[in-house]
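J.: using only what follows, build the 3D model:
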Amino acid sequence: MSSGTPVATAQPIDADLIARENARLAATHEEDFAALGRQLSRRGLDIEAITAKVGGFGVAVPSWGVGTGGTRFARFPGVGEPRTVFDKLEDCAVVNTLGRATPTVSLHFPWDLIDDLSALKAHGDALGLGFDAINSNTFQDSPGQALSYKFGSLTHADPAVRAQAVAHNIACIEAGRALGSKALTVWIGDGSNFPGQASLSKAFDRYIEATAEIYAALPDDWRIFLEHKMYEPAFYSTVIQDWGSSLIAAESLGPKAFCLVDLGHHAPNVNIEMIVARLLHRKRLGGFHFNDSKYGDDDLDAGSIDPFRLFLVFNELVDAEARGAAFEPAYMIDQSHNVTDPIESLIGSGVEITRAYAQALLVDRGALAELQEKNDVYLAAQTLKRGFTTDVSPILAEARRRKGGAIDPVGVYRASGYRERKANERPAVAGGGGGIV
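T.: All right, here's what the predicted structure looks like:
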């Protein structure tokens with residue numbers, strides 16, 4: 001279990017510093033915002049309405065994301081890394097104070113589990129943070145654990161191991177209730193590395209059986225998100241390897257079970273926005289873990305490689321909302337920050353995710369639908385792309401400013417000296433070990 005007590009309850013970034021930096025940039029920003037407003041007005045769009053929608057958008061930050069990540073080969077710790085879950089919340093508060101797009105934190109148990117959950121809840125409240133979906137962990141063994149997950153957890157051949165994994169997930173639900181969470185995310189690394197190692201059919205049956213026990217423990221107002229991943233750590237077969245398996249499982253469990261889409265959990269060139277459309281059709285889209293990748297599950301910063309794909313995902317979401325679809329997706333950043341300052345990467349990812357949402361709001365859906373009906377391929381594609389090519393940075397900055405955030409969030413973060421202060425407060429640790437945080 002994590003230990004430690006809160007070291008501070010005040011906001012970690014000085015509001016006066018934000019105000020001073022905003023004042024310095026105000027004139028240029030206001031000029032850019034007004035110019036964009038005039039441009040959008042000629043297209044029949046109201047910049048004030050769009051800014052209000054952007055201001056209401058939020059995405060959760062992962063507690064583990066504020067630590068330095070790693071690969072199977074090595075981990076190089078950064079300075080001032082969080083040592084306790086209270087430290088993690090303080091870093092998450094920095095991300096939200098400056099970016100104003102990440103008001104909730106998604107915890108990971110047992111990494112973040114402590115005895116005094118009321119103290120954790122109070123610390124989050126003091127920092128202005130709520131708690132999003134709880135993430136269970138049965139993909140690795142934890143200290144004091146009776147049985148190993150080396151050969152699986154919820155799908156293990158041994159019913160005692162499955163029972164242990166189920167009990168952990170139910171404990172996560174109970175802890176989440178104490179914190180005000182309303183959802184449980186389940187991702188397992190279960191699978192096989194060799195043909196014949198495990199029965200593909202029996203493993204899936206055991207998954208359904210085990211998750212049904214977890215589902216039965218859900219409070220009435222909770223949801224369970226089933227997360228799929230194509231491969232890794234199992235390299236021959238993964239039990240929940242794609243959206244089809246996830247959908248089958250969710251529909252088998254009941255109306256509180258949904259599919260969660262992690263952008264890095266697919267093969268290169270997979271049409272993720274089509275998966276979004278299909279899950280919306282089945283009313284089983286639970287939410288997203290946002291990141292980016294080039295080859296595999298690199299967990300790079302959202303929008304750093306393929307911002308157009310991120311836009312296309314949000315295009316489907318905004319289109320569904322415009323059509324009156326009933327859905328309530330949960331959004332979370334899920335990245336491994338191996339070579340950057342995690343706080344800067346999380347701020348930047350919050351900006352890019354919000355950017356994709358704002359761009360999708362600019363698409364002329366009436367014109368697009370008409371062009372699609374006429375099979376006007378070129379103009380339909382250009383009408384969609386016009387939303388993506390519009391620089392919405394002034395809208396994002398204005399939405400942040402109106403909520404007390406920074407016009408230039410990373411600039412204010414660096415000016416605050418927060419990382420340097422934490423380097424003095426939190427002793428450094430040696431690196432060299434492998435393993436993602």
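
J.: isn't residue 357 right next to residue 56, touching?
T.: No: counting by CB atoms under 8 Å, residue 357 sits too far from residue 56 to count as a contact (10.2 Å). Every residue, glycine included, has its C-beta placed from N, CA and C.

J.: more neighbours, the two?
T.: Neighbour totals were compared for residue 357 and residue 56, and residue 357 leads with 25 against 9 (other CB atoms under 10 Å).

J.: give me the mean pLDDT for the one helix or strand that one maps to.
T.: Using DSSP states H and E, residue 357 falls within helix 342-361. For helix 342-361, the mean per-residue pLDDT is 98.

J.: do the same with stretch 224-231
T.: In the prediction, stretch 224-231 has an average pLDDT of 97.

J.: how about stretch 88-98?
T.: Mean pLDDT, computed over stretch 88-98, is 98.

J.: all strands for this structure, in order.
T.: The residue ranges that make up the strands of the chain, judged by DSSP state E, are 61-62, 104-106, 108-109, 130-131, 134-136, 183-186, 191-192, 223-227, 237-238, 257-262, 285-290, 330-333.

J.: partner strands of the fourth one and their direction?
T.: Looking at strand 130-131 with DSSP bridges, its paired strands and their directions are strand 104-106 (parallel).

J.: in the chain, which residue is most central in space?
T.: Here the mean C-alpha position of the chain is nearest to the C-alpha of residue 332 (CA atoms, centre = their mean), at a distance of 1.8 Å.

J.: ok, the closest residue to that residue other than its chain neighbours - contacts?
T.: When the adjacent residues along the chain are set aside, residue 332 lies closest to residue 60, with 4.2 Å between them (CB to CB, 6 or more residues apart in numbering). Contacts for residue 60 were tallied using CB atoms under 8 Å, 6 or more residues apart in numbering; they are 102, 104-106, 132-133, 330-333.

J.: for the residue nearest to the centre of the chain, give the beta-bridge partners.
T.: Taking DSSP bridges as the rule, residue 332 bridges to residue 60, residue 289.

J.: I'd like the mean pLDDT over the longest helix along the chain, please.
T.: Criterion DSSP state H: the longest helix present in the chain is helix 15-42. Mean pLDDT, computed over helix 15-42, is 98.

J.: stretch 54-73 too?
T.: 94.

J.: next, the buried residues of it.
T.: Of the residues in stretch 54-73, those buried under the neighbour-count criterion (16 or more other CB atoms under 10 Å) are 54-55, 57-70.

J.: max pairwise distance over these: which two?
T.: Maximum pairwise distance in these, criterion CB to CB, is 35.4 Å, between 55 and 70.

J.: what residue of this structure is the furthest out?
T.: Residue farthest from the centre of the chain, counting by CA atoms, centre = their mean, is residue 374 at 37.7 Å.

J.: okay, that residue and residue 367: tell me how far apart.
T.: 11 Å (CB to CB, to the nearest Å).

J.: then residue 325?
T.: From residue 325 over to residue 367 the distance is 21 Å, taken as CB to CB.

J.: neighbour count winner among the two?
T.: For residue 325 against residue 367, the residue with the higher neighbour count under other CB under 10 Å is residue 367, and the figures read 16 against 13.

J.: where do the helices of the stretch 1-150 of the chain begin and end?
T.: Secondary structure of the stretch 1-150 of the chain (DSSP state H, counting those that start in this stretch): helices at 15-42, 47-55, 85-99, 117-126.

J.: typo on my end, it should be the stretch 151-300 of the chain
T.: With helices called from DSSP H, counting those that start in this stretch, the stretch 151-300 of the chain shows them at 159-179, 200-216, 243-253, 272-281.

J.: go through the ones you listed and name the closest to residue 428.
T.: Set against residue 428 and scored by CB to CB, the helices of the stretch 151-300 of the chain come closest in helix 159-179, at 30.0 Å.

J.: any idea how far that closest one is from the middle of the chain?
T.: Relative to its chain's centre, helix 159-179 lies at 22 Å (CA atoms, centre = their mean, to the nearest Å).
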